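Engineer: Could you work out the structure for the sequence below:
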Amino acid sequence: MSNPFVQIVEPLDPKQPLKKFFNLSKLEDVRYDHLPFSIRILLEAAIRNCDEFLVKKGDVENILNWKVMQHKNVEVPFKPARVILQDFTGVPAVVDFAAMRDAVKKLGGDPEKINPVCPADLVIDHSIQVDFNRQPDSLQKNQDLEFERNKERFEFLKWGSQAFKNLRIIPPGSGIIHQVNLEYLARVVMDQDGYYYPDSVVGTDSHTTMIDGLGVLGWGVGGIEAEAVMLGQPISMVLPQVVGYKLVGNPQPLVTSTDIVLTITKHLRQVGVVGKFVEFFGPGVAQLSIADRATIANMCPEYGATAAYFPVDDISIGYLIQTGRDKEKVMSTKRYLEAVGMLRDFKNSSQDPDFTQVVELELHTVVPCCSGPKRPQDKVAVSDMKKDFETCLGAKQGFKGFQIAPARHNSIVKFNFEGHDFELAHGSVVIAAITSCTNTSNPSVMLGAGLLAKKAVEAGLTVKPYIKTSLSPGSGVVTYYLRESGVMRYLSQLGFDVVGYGCMTCIGNSGPLPESVVEAITQGDLVAVGVLSGNRNFEGRVHPNTRANYLASPPLVIAYAIAGTVRIDFEKEPLGINASGKKIFLKDIWPTRNEIQAVERQFVIPGMFKEVYEKIETVNKAWNALDAPSDKLYSWNPKSTYIKSPPFFDGLTLALQTPKTIEDAYVLLSFGDSVTTDHISPAGNIARNSPAARYLTSRGLTPREFNSYGSRRGNDAVMARGTFANIRLVNKFIDKQGPQTIHFPSGEILDVFDAAEKYKQAGHPLIVLAGKEYGAGSSRDWAAKGPFLLGVKAVLAESYERIHRSNLVGMGVIPLQYLPGEDAGTLGLTGQERYTIIIPETLKPQMNVQIKLNTGKTFHAIMRFDTDVELTYFHNGGILNYMIRKMAS
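Structural biologist: As a prediction, this is how the structure comes out:
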């Protein structure tokens, strides 16, 4: 072993001499005891993987010296223990792996070198949609339709699980990636290749951070970056600052974990934690269950941090036993963490490490709340919901405004549904979804919803039949304890039947609304509402016809479904009036914390987790019946509209090409702030009048067969046409929302793809102008691959979401950032200019580059290649090209 730290290796148990660990306490360095617990995990990984090549002794010293080096913008490598993928991002990753095998073979290398060396799990959870609801067999119908639509994708993934080593597929119908990770996949401490070491994970989904709640350090990365990790490359990251978030006191009896996380989200957005770790500490943490902590960690991307870490404590150890993990392994886990100083006692302040800064939350100050109508950080107390929505109606178009004329605020549209007359107005709820791993992983809020449903039914309350209600649990365990506790039938009576096991409404797979409802919304130009227990509510994400969308706890989702509107003050107005004429208020049916905990103690038991997860890889009969090829190189089907060999490696040679100055580029699009990955690369339905629809029609498909953009991420021809195809796209060149732009040479207004094609045919490079937080939202590699295929060479923005910037780098697209205090407005940029970006021969991380306009104006911007490794990727034309050259040489 060539590791320079081999002298601190020893057995954890003298009776098992072959089971060893790096005993960090043997470093005898006082700095270690002051490190945040999250940084200790980075340190252990650096020490264990130190080979003086990918990881050097200097990297270890930098991490040990975190208190000083956190302010120095120093780069450190990190090798996670595992990679986790979901199918929307997993399919393109496996497509890339298959194409990389082809490319390595063409360059004379061994294609089987392209193989995951880091264990990877792919959970199929993003494909199922809410096509059917409020029917006894909704679940089976939705699952059947999922297989009908995605059979080709699923066969391809099954091929991948057989062709590639170290790749495990969790079949559809099993649950949501992060809940399955929490309840089953996570180890907390790895026991592999004769060594114990902390479990850690990166995932191709931004909410990978959910696992931080269990004490497993994890965060989301771009699909491109994850592929490099799978191939044995460390992540290169700037040593992060760590914000200590101190929790004190106890939550009020009526408050849920959802209320706590929405409060923290707003608070940390105001603090500013982008690019930083957040580590929770204080006596209040001991009041939170692992499910509560996981809910808080899940929404880490919404408050902008890289990770939201809860160190392992005795409650974490108890959770491992509760969820059916092997008791002997759990005891080894505890012994290891004690030995290396990573087991936390939150009530013992002498264990508190150093932090970059400390912020505090008194848990008793948290009140019931929602977030919306367009962003997860826009918290609204439930007591203020009615007033806040009505203010938003008339406010100027924006994150908190719909610009509806005052005379139309009380508009009503009558419509008929299944032979009965109803009315819709601004604020009417048309979607109510208990969905997303954020909340369905938490028995307290799920049982709370079930008990509220029971009391509502017993009080004679109902949900209007046109409201699209659904329940999509994150694992079969949820259905198990809802059924065993007796509340499932009451949820069903209110329309909240199980419709599938997957992300569903939270990612926009909400399925169609009834035609008469859509017609009424359109006729009245109504601001209709979706209420969901998810983590994202960006405009256009949940459903095209719900302009307002609110995140809420599962009990509140049911409450707003019963009320039928968000224009209600629950304290003063009844939820409804029962058959006896009695007014029923929310307070009459809201379950107490003691009621919920009593049911949870009785019905959420280890046996349930064991029974569900023992058969998770074999229980899906449709998956078992799939016939997949066994070849090591994939046989691409030219007729396929789902799986296509991408053009990323066409013309690739072993020799490097020198990066060139970008000359006379046109601006394809000009944006304001908070353009999300949903705007750049939508995951939802394919509009019938879109370039992607025209392509699929030309291949002989009917609109019913289009499926979603997310399901077609294995086909670059669809995804390039779907880039910037969101119907809510706001391009400054166009005076209305929509996926169009101006082709400046001709003056034509065209769909974005068609304009990009015209520029490409004429040999014109392209750039994109943007404001703050460009690329916010879900981790989505196609938000970088799509612009690359359109011919976008650079993006010039005020700031970037962390993962999206990394993805742009991975595709060789230059992320440029305005100098502090400058933006398009201060520089007088209209976007109609032509831009020449001077690329010097010698590049350095975060250097300033000169930009010349055809108007004669010149200014500078920061080239956001943040590390030397990112510059290496750029010189190679992207991270995948770098890996192919490395494997083929």
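Engineer: tell me the centre residue of this structure?
Structural biologist: S206 (3.1 Å; Cα atoms, centre = their mean).
Engineer: gap between it and S200?
Structural biologist: Separation of S206 from S200 (Cβ to Cβ, to the nearest Å): 17 Å. C-beta: built from backbone N, CA, C; applies to glycine.
Engineer: now the strands for the stretch 601-750 of the chain?
Structural biologist: Taking DSSP state E, counting those that start in this stretch to define them, one finds strands in the stretch 601-750 of the chain at 662-670, 740-743, 748-751.
Engineer: next one: the longest one to chain centre, how far?
Structural biologist: So the one you mean is strand 662-670. Here strand 662-670 is found 30 Å from its chain centre; the criterion is Cα atoms, centre = their mean, to the nearest Å.
Engineer: Check which helices and strands it is in contact with.
Structural biologist: The contact analysis (3 or more Cβ pairs under 8 Å, 6 or more residues apart in numbering; DSSP states H and E) places strand 662-670 against helix 752-761, strand 766-769, strand 792-797, strand 835-837.
Engineer: Dump the ones you listed to TSV, plus mean pLDDT and distance to G394.
Structural biologist: Listed next are those as TSV, based on pLDDT from 0 to 100; distance: least, Cβ to Cβ, whole Å:
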stretch	mean pLDDT	distance to G394
helix 752-761	98	32
strand 766-769	98	30
strand 792-797	98	31
strand 835-837	98	39
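Engineer: counting contacts, what elements does the top helix by length along the chain pack onto?
Structural biologist: Using DSSP state H to define each element, the chain has its longest helix at helix 138-163. On a contact count with 3+ Cβ pairs under 8 Å, 6+ apart, helix 138-163 meets helix 87-106, strand 120-123, strand 167-170, helix 621-624.
Engineer: Isn't L254 up against C369?
Structural biologist: No - taking contacts as Cβ atoms under 8 Å, L254 lies outside contact range of C369: 11.5 Å.
Engineer: So the two - more neighbours on which side?
Structural biologist: Neighbours per residue, other Cβ atoms under 10 Å: of L254 and C369, the larger number sits with C369, 26 against 16.
Engineer: Show me what that one is bridged to.
Structural biologist: A381 (DSSP bridges).
Engineer: okay, it: pLDDT?
Structural biologist: For C369, the model assigns a pLDDT of 97.
Engineer: returning to what we had before: kindly calculate the angle that the longest helix of the chain makes with helix 87-106.
Structural biologist: Using axes from the mean of the first three to the mean of the last three Cα atoms, to 10 degrees, the direction of helix 138-163 lies 20 degrees away from that of helix 87-106.
Engineer: thinking again about what came up before, tabulate the strands of the stretch 601-750 of the chain (CSV), appending mean neighbour count.
Structural biologist: What follows is these, written out as CSV (neighbours: other Cβ atoms under 10 Å):
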stretch, mean neighbour count
strand 662-670, 22
strand 740-743, 22
strand 748-751, 16
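Engineer: In CSV, list the ones you listed along with distance to S799 and mean pLDDT.
Structural biologist: Below are the strands of the stretch 601-750 of the chain laid out as CSV (distance: least, Cβ to Cβ, whole Å; pLDDT from 0 to 100):
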stretch, distance to S799, mean pLDDT
strand 662-670, 16, 98
strand 740-743, 23, 98
strand 748-751, 28, 97
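Engineer: how about those, which one is nearest A784?
Structural biologist: A784 sits nearest to strand 662-670 of all those, at 14.5 Å, using Cβ to Cβ.
Engineer: Pairing partners for the closest one, with directions?
Structural biologist: Partners of strand 662-670, by DSSP bridges, with direction: strand 766-769 (parallel), strand 835-837 (antiparallel).
Engineer: buried sites along the helix or strand following the first one?
Structural biologist: Spelled out, that is strand 766-769. Counting by DSSP states H and E, the next helix or strand C-terminal to strand 766-769 is helix 782-790. Neighbour-count burial for helix 782-790 flags 782-790 (criterion: 16 or more other Cβ atoms under 10 Å).
Engineer: avg pLDDT for helix 782-790?
Structural biologist: 96.
Engineer: That helix packs against which elements?
Structural biologist: Applying 3+ Cβ pairs under 8 Å, 6+ apart, one finds that helix 782-790 contacts helix 677-680, helix 716-721, helix 752-761, helix 802-810.
Engineer: Let me have these in TSV, extended by mean neighbour count.
Structural biologist: Converted to TSV, those look like this (neighbours: other Cβ under 10 Å):
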stretch	mean neighbour count
helix 677-680	27
helix 716-721	24
helix 752-761	20
helix 802-810	28
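Engineer: Show me where the stretch 551-700 of the chain has its helices.
Structural biologist: Shown for the stretch 551-700 of the chain, the helices assigned by DSSP state H, counting those that start in this stretch span residues 554-563, 586-589, 593-603, 606-614, 621-624, 677-680, 691-698.
Engineer: now the third one against helix 554-563, angle please.
Structural biologist: Compare the direction of helix 593-603 with that of helix 554-563 by the same axes, to 10 degrees and you get 110 degrees.
Engineer: that older thread, CSV for the strands of the stretch 601-750 of the chain, including distance to D631?
Structural biologist: Output for the strands of the stretch 601-750 of the chain, formatted as CSV (distance: least, Cβ to Cβ, whole Å):
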stretch, distance to D631
strand 662-670, 39
strand 740-743, 42
strand 748-751, 38
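Engineer: out of the ones you listed, which comes closest to F281?
Structural biologist: Closest approach to F281 among the strands of the stretch 601-750 of the chain (Cβ to Cβ): strand 662-670, 43.2 Å.
Engineer: how about low-confidence regions in the chain?
Structural biologist: Applying pLDDT under 70 to the chain flags the ranges 1, 779.
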